[in-house]
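Colleague: what's the 3D shape of this:
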Amino acid sequence: MLTIISVIGNVKSDKKLKDVYQKLSRENKVEKVLLSRMDAQRTRIRRTTDAGTDIAITLEHDTMLQYGDVLLLEDNKMIVVEYEPEDVLGFKIKNELRSDEKISTAIKLGHIIGNLHRPILIKGDVTYIPIQSESEVANIRRNLAPILDYIDIQHTRIVFEPEEGIEVHTH
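Modeller: All right, here's what the predicted structure looks like:
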């Protein structure tokens, strides 16, 4: 078993690591450890990579593994963290609305989503939030009733990487 005690860097934010990642990927020398977003928040994890390497991850307290984190880098091998896709709702304000309707809808949508105390992910003009169950979808649609005619909602599965710098809190 391989023990990992720190993260080397991230292929998404470090150009040198990204270049090495691309090179090793072409040579089929990148192993991936697949984690749920919730598991990535744990500091002690034991997993097997997609190539069968048994790893134990033991990180400092309050460390969260990010998508693209490099756990091991050797001449002929790299182990990288990937997140499992999860259920999300995506919200998009309809394009055909007038400017004032778009602004009003955006403010109301932000208020309603904010009251859910969930992390968000923004991709283009779609805002995503993670969901845990189908019953949640019905509740969220009920809360959005005043603006349903102004937004499109999609229920899908994606790799959810929350926006950085936006704190989720409770009251």
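Colleague: quick one, domains of this structure?
Modeller: 2-83, 86-158 (automatic domain parsing).
Colleague: could you list the buried residues of the lowest-mean-pLDDT helix or strand in the chain?
Modeller: Within the chain, confidence by mean pLDDT, DSSP states H and E is lowest for helix 134-143 among all helices and strands, at a mean of 91. Neighbour counts over helix 134-143 (16 or more other Cβ atoms under 10 Å) mark 136, 140 as buried. For every residue, glycine as well, the C-beta is placed using N, CA and C.
Colleague: following it, which helix or strand shows up next?
Modeller: strand 151-158 (DSSP states H and E).
Colleague: I'd like to check the angle between the helix or strand that contains residue 128 and strand 151-158, please.
Modeller: Assigned by DSSP H and E, residue 128 belongs to strand 126-130. Per axes from the mean of the first three to the mean of the last three Cα atoms, to 10 degrees, the angle that strand 126-130 makes with strand 151-158 is 50 degrees.
Colleague: kindly reformat the domains of the chain as a markdown table containing distance to residue 164.
Modeller: As requested, the domains of the chain are exported to a markdown table (distance: least, Cβ to Cβ, whole Å):
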| stretch | distance to residue 164 |
| --- | --- |
| domain 2-83 | 9 |
| domain 86-158 | 10 |
